[in-house]
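Visitor: can't give you the sequence, but here's the structure:
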């Protein structure tokens, strides 16, 4: 199950950035599961990773390499997360990089590894080594769509976003992502790769990445479980010949953020078992932390999420989730709750204007906005989530079997 | 669904404490849903309540009254939580107390109200007022079992615990509780009533209540949703003639805590849709907060809970939940995970001695212990939880319909 439209939008190529996909047969024979990406010499690369202390072997390797060199190649496998694999996992991640470095004729430090899939199994290294040359030979600037499919696991759809902007639309930003379960901020996406042909120096690029990520992948939750493998990479190849400087930085960040938000929302639309796409908006809050605290308390409440799956305007559960979020001095009488613009609760009770029929109507659409007005400040924050269904339980009870 | 044995244990009467139950037909005709309790003049009464800022009308009324008088009567209805009901809710809670006060010939301040059920509907006051005399007339010291049934909502079983101890077993502690969903610490139980015939002064009694509660109702979670109505009441009638003083206090607290733990575990055994009873034990931690942080991160993880429902020894998800709990400087290599005493993970990977067969075997019993050894301190904490099943989703998607 999933919400919204299943189609990938048009993904514009990014000059200087190539992608090659193949099937290594890691979990399912014939399924694309191995993706190599190459960026042109001189590109800037920024990346951020999961804050889970049990981070996967490839994440450890990525972080080390990024601290001492500019990467040129990215290799991603699905079907196996290479997490909870101890020393052997680190050796395997390094060995994958080493094989690709030989093929490409670069130093091993120029290769970053990424993995996603089952935790706790050793990597099928023979399969990966055998398939790497094919992925490498497939490298081309039009490889985005295939790669978008090649990085999926329990996802039911590929996820991508692409934009051209600036004078004569000369700058392109294109990105793909995967993620469907084990989704929670810090960071939420399991894997994301975004490239631009603008020229952006390393420091600016990292700052742009952090800002865009904060308003997108760090604002979604499916099940409040942070993955061991979360990684987002942002590459600037510079092939458009246009340099992002202080004057054009804000515009660049805005377009980048929109690309990130599109990818993040695609993950929520494809959340495991999802039948609803839910925006939880907390406004007129005193601070960002109180707005986010309440938004996550509501977005992660199993009782709110099961009510959503039944299209039940059960505002009592929303109210209970707001109340337990730990915000100090919250005056119940000031809080208003709206479901798709229908006022359902104020003054700590059902709104006078509310009828069960109007609530039922408001809950019918696939896209639901839960708006919570605290009426005590001027800060607004939005978190995106899905509903909790039988299907989520089925997928996750059966995932390993 | 539920785990363990469905039978109520023998509940000893507590001298000076009477219970009367009837059906007011609040939600289902004929179902017991209204309970009155009476404690003898001169009893000490202590109580603690939900920390949800949207607390229900009866909770607000209870807190006010307790600050200025010693209660003699407790009136509980199920089927309607009288939460999210604004000013009218407060009037209704007061009106219920007033009716009972007239029947009993006491001041209104001597009556405490409790409600549990659907949030956001106004109380069916006529039904309650009409049924109160019958509940009042049923008051008797052997009314525990009936009352245990009379306070239930989505629970599938009554919950009670009773003990006699001291010289010649002269002191009795008996308690009942209800709760099945919307269960999370601070506090977890929706309603609990415990009485003893020991004589305990007000201050000692409150201190005993806080200590017992901390190790029982504050250590369980079904769905991380804190209710708006949580209340636990502890009454000491003094009719045994035995006074708890500083010398006997620790023994009293120990027995009281065991009674509380039995009630708390009964709630988890009857958790909505539960097929497993799970103890998450975190030991050799540096501090209580880090032990509890990890225990709750594991106990509330939807991915761990769905794996449990499938009897899947998916230690990778446990490891990921430990890693995201935010404990500083956690060295993955020191952590060991045991499932029902089978070592499944150490040094950040699958244990050498582990086989999938031994893991599958360990997961078969209804009762599961997940033991997480951090090997960096000497603090141990235990949290009890249930698995996450289709049935949980069904119950909570259909609850209002």
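Guide: Ah, there it is. These numbers were taken from a predicted model, which means no experiment stands behind them. Numbering: from 1, shown residues only, chains lettered A, B, ... in the order given.
Visitor: please pick out the residue of chain A most distant from its centre.
Guide: Relative to the C-alpha centroid of chain A, counting by C-alpha atoms, centre = their mean, residue A:352 is the outermost residue, at 39.9 Å.
Visitor: could you check how far it is from residue A:346?
Guide: 8 Å (C-beta to C-beta, to the nearest Å). In this view, the C-beta of every residue, glycine as well, is placed from N, C-alpha and C.
Visitor: repeat for residue A:281
Guide: Counting by C-beta to C-beta - residue A:281 and residue A:346 are separated by 16 Å.
Visitor: give me the more crowded residue out of these two.
Guide: More neighbours surround residue A:346 than the other of residue A:281 and residue A:346, with 21 against 17 (other C-beta atoms under 10 Å in any protein chain shown).
Visitor: from residue A:219, how far off is the nearest residue to the more buried one once chain neighbours are set aside?
Guide: In space, and not counting its chain neighbours, residue A:346 is closest to residue A:336: 4.5 Å by C-beta to C-beta, 6 or more residues apart in numbering or on different chains. From residue A:336 over to residue A:219 the distance is 22 Å, taken as C-beta to C-beta.
Visitor: ok, those two, which is more surrounded?
Guide: Summary of the neighbour comparison: residue A:336 and residue A:219, criterion other C-beta under 10 Å, with residue A:219 having more neighbours (26 against 17).
Visitor: so is the residue nearest to the more buried one when sequence neighbours are not counted in a helix, a strand, or just coil?
Guide: Excluding its sequence neighbours, the residue lying closest to residue A:219 (C-beta to C-beta, 6+ apart) is residue A:383, at 5.2 Å. Here residue A:383 takes the strand state, with states given by DSSP: H, G, I helix; E, B strand; the rest coil.
Visitor: from what I see, residue A:383 and residue A:222 are in contact.
Guide: No. Judged on C-beta atoms under 8 Å, residue A:383 makes no contact with residue A:222 at a distance of 11.4 Å.
Visitor: model confidence for the residue nearest to residue A:346, exactly?
Guide: Per-residue confidence for residue A:336 comes out at a pLDDT of 94.
Visitor: wait, it sits on residue A:373?
Guide: Yes. Taking C-beta under 8 Å as the contact criterion, residue A:336 and residue A:373 are neighbours in contact, 4.3 Å apart.
Visitor: just to revisit the earlier point, tell me the phi and psi of the residue nearest to residue A:346?
Guide: Dihedral angles of residue A:336 (phi, psi; degrees, to the nearest 10) stand at phi -120, psi 140.
Visitor: do the one 5 residues further on as well
Guide: Per-residue torsions, residue A:341: phi 70, psi 0 (degrees, to the nearest 10).
Visitor: where in the stretch 301-401 of chain A is pLDDT low?
Guide: Counting by pLDDT under 70, the stretch 301-401 of chain A shows low-confidence ranges at A:399-401.
Visitor: could you redo the last one with a cut-off of 90?
Guide: Within the stretch 301-401 of chain A, the stretches falling below the threshold (pLDDT under 90) are A:301-303, A:310-317, A:319-321, A:323-333, A:347-350, A:352, A:356, A:360, A:388-401.
Visitor: what parts of it come near chain B?
Guide: Taking C-beta under 8 Å from any C-beta of the partner chain as the measure of proximity, the stretch 301-401 of chain A contacts chain B at A:301-303, A:306-307, A:309-310, A:312, A:314-317, A:319-324, A:327, A:330, A:332, A:345, A:347-350, A:388-390, A:392-394, A:396-401.
Visitor: could you pull up the residues touching residue A:362?
Guide: Shown in contact with residue A:362 (C-beta atoms under 8 Å, 6 or more residues apart in numbering or on different chains): A:313, A:339, A:340, A:341, A:342, A:344.
Visitor: do I have it right that residue A:56 meets residue A:229?
Guide: Yes. At 4.6 Å, residue A:56 and residue A:229 qualify as touching, with contact defined as C-beta under 8 Å.
Visitor: between these two, which is the more surrounded one?
Guide: Summary of the neighbour comparison: residue A:56 and residue A:229, criterion other C-beta under 10 Å, with residue A:56 having more neighbours (32 against 24).
Visitor: quick one: the helices in chain A?
Guide: Counting by DSSP state H, chain A has helices at residues A:57-66, A:86-104, A:125-137, A:144-150, A:202-214, A:246-269, A:288-299, A:302-309, A:315-323, A:356-362, A:390-398.
Visitor: nearest to chain B within the stretch 101-250 of chain A, name that residue for me.
Guide: Here the stretch 101-250 of chain A gets closest to chain B at one residue, residue A:119, 2.7 Å apart by C-beta to the nearest C-beta.
Visitor: just give the nearest non-adjacent residue to that residue, would you?
Guide: In space, residue A:119 comes closest to residue B:316 once its chain neighbours are excluded; the distance is 2.7 Å by C-beta to C-beta, 6+ apart.
Visitor: hmm, back to that, and residue A:383 and residue A:222? Which one has more around it.
Guide: Here residue A:383 and residue A:222 are compared on neighbour count by other C-beta under 10 Å; more neighbours surround residue A:222, at 30 against 26.
Visitor: distance of that one from residue A:313?
Guide: Using C-beta to C-beta, residue A:222 is found at 22 Å from residue A:313.
Visitor: what of residue A:16?
Guide: For residue A:16, the distance to residue A:313 - C-beta to C-beta - is 51 Å.
Visitor: my read: residue A:34 touches residue A:147, true?
Guide: No. Taking contact to mean C-beta under 8 Å, the distance of 10.2 Å between residue A:34 and residue A:147 leaves them out of contact.
Visitor: now the common contact residues for these two.
Guide: By the contact definition C-beta under 8 Å, 6+ apart, residue A:34 and residue A:147 are jointly contacted by residue A:21.
Visitor: who has more neighbours, these two?
Guide: When residue A:34 and residue A:147 are compared on other C-beta under 10 Å, the one with more neighbours turns out to be residue A:34, at 28 against 24.
Visitor: for the residue farthest from the centre of chain A, phi and psi?
Guide: When read as degrees, to the nearest 10, the backbone of residue A:352 gives phi -60, psi -40.
Visitor: what is the neighbour count of residue A:126?
Guide: Around residue A:126 there are 9 residues (other C-beta under 10 Å).
Visitor: ok, it to residue A:158 distance?
Guide: Taking C-beta to C-beta as the measure, residue A:126 and residue A:158 are separated by 28 Å.
Visitor: and what of residue A:358?
Guide: Shown here: residue A:358 relative to residue A:158, a distance of 38 Å by C-beta to C-beta.
Visitor: can you check residue A:170 too?
Guide: Residue A:170 sits at a distance of 27 Å from residue A:158 (criterion: C-beta to C-beta).
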